[in-house]
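>>> what follows is a predicted protein model with its sequence.
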Amino acid sequence: MRVLVVEDESVLADAIGTGLRRHAMAVDVVYDGDAALERVPVHDYDVVVLDRDLPGASGDEVCAWMVEHGLDSRVLMLTAATAVRDRVDGLVLGADDYLTKPFAFAELVARVQALGRRSRPATPPILARAGLRLDVHRCAVTREGVPIVLSRKEFAVLGELLRADGGVVSTEQLLEKAWDENIDPFTGVVRYAIMMLRRKLGEPALIETEPGVGYRIR
């Protein structure tokens, strides 16, 4: 899952980014609305965690721009305002969910995960195929009931392959969903992650390579 965090309190923004990465999400962080408007047309974000009170373009303006241009990203709006009218205004603008500060981080993670499932054709919290089970919430994977320990990136890549339900996922798609904007697209990180997944998932091999196209779970 790819997430953009837009929050002008840099300590909070970085903490949110770090925490979401621990749940196998690829996270970009920016600190003002203008930077958000530069990012959202470029990357296929599943969820945008958007502070309402931002320097530059406000969170309201960013949200309205995304709706106007038909972006599929789901918006979780953050605000210190607790009045019902403020929450209603944010939802009317096009936000999908609303969370007031201060918040419990576990709730933020749960809301981001729930919105992420709605940013594409709905997928269950547990993905299963060919004897594999991936629990999105617990970041846990088993094969035929046997636990498999994966790195966060391996977990993210496997999740994208399982969501494709037997379809081919390109290297570019995996880079977009499992890594943030700082990754060099010409590195071999996807190929390495696939190699490690094949090794850890064991025999018989489940991940197939479609030469020149991408990867799939058979």
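Thanks, I have the structure now. Quick caveat: nothing in here was measured; it's all calculated off a predicted structure.

>>> where does the prediction get shaky in this structure?
Applying pLDDT under 70 to the chain flags the ranges 81-92, 119-124.

>>> give me that answer again for 50
For the chain, no stretch is flagged by pLDDT under 50.

>>> mind listing the strands in the protein by residue range?
Applying DSSP state E to the chain gives strands spanning 2-6, 26-30, 47-51, 74-79, 97-100, 126-129, 132-135, 140-143, 146-148, 207-210, 214-217.

>>> what pairs with the longest one, parallel or antiparallel?
Looking at strand 74-79 with DSSP bridges, its paired strands and their directions are strand 47-51 (parallel), strand 97-100 (parallel).

>>> what's the most buried one of these?
strand 47-51 (a mean of 27; mean count of other Cβ atoms under 10 Å). The way it works is simple: take the backbone N, C-alpha and C, and place the C-beta from them, glycine included.

>>> any idea of the angle that one forms with strand 26-30?
Interaxial angle, strand 47-51 versus strand 26-30 (axes from the mean of the first three to the mean of the last three Cα atoms, to 10 degrees): 30 degrees.

>>> from now on call the first residue 839
Sure thing, new numbering starts at 839, so read that last one as strand 885-889.

>>> can you tell me what sits against strand 885-889?
Here strand 885-889 makes contact (Cβ atoms under 8 Å, 6 or more residues apart in numbering) with 839, 841-847, 854, 874, 878, 897, 900-901, 904, 911-917, 933, 946, 950, 953-954, 957.

>>> same question, stretch 988-998
839, 859-864, 965, 970, 972, 974, 977, 979, 1007, 1011-1012, 1015-1017, 1027-1028, 1031-1032, 1034-1035, 1038.

>>> can you map out the helices along the protein?
848-859, 871-877, 897-906, 922-931, 943-956, 990-1001, 1009-1016, 1027-1039 (DSSP state H).

>>> now do the third one and strand 885-889, the angle between them.
Going back to what we said before, that points to helix 897-906. Using the same axes, to 10 degrees: helix 897-906 against strand 885-889 is 150 degrees.

>>> quick one: buried residues of stretch 973-987?
974, 979, 986 (16 or more other Cβ atoms under 10 Å).

>>> of the contacts of strand 885-889, keep whichever come out buried.
Applying 16+ other Cβ under 10 Å to those flags 839, 841-846, 854, 874, 878, 897, 900-901, 904, 911-917, 933, 946, 950, 953-954, 957 as buried.

>>> number of residues surrounding R1037?
By other Cβ atoms under 10 Å, the residues close to R1037 number 10.

>>> with L850 instead?
With other Cβ under 10 Å as criterion, L850 counts 15.

>>> quick one: it from G908, how far?
30 Å (Cβ to Cβ, to the nearest Å).

>>> can you check T1009 too?
26 Å.

>>> which one's more surrounded, those two?
Per other Cβ under 10 Å, whichever of T1009 and G908 has more neighbours is T1009, with 16 against 6.

>>> how many neighbours does the closest residue to A1031 other than its chain neighbours have?
Nearest residue to A1031, sequence neighbours excluded (Cβ to Cβ, 6 or more residues apart in numbering): V995, at 4.8 Å. Using other Cβ under 10 Å, V995 has 27 neighbouring residues.

>>> much appreciated, bye for now.
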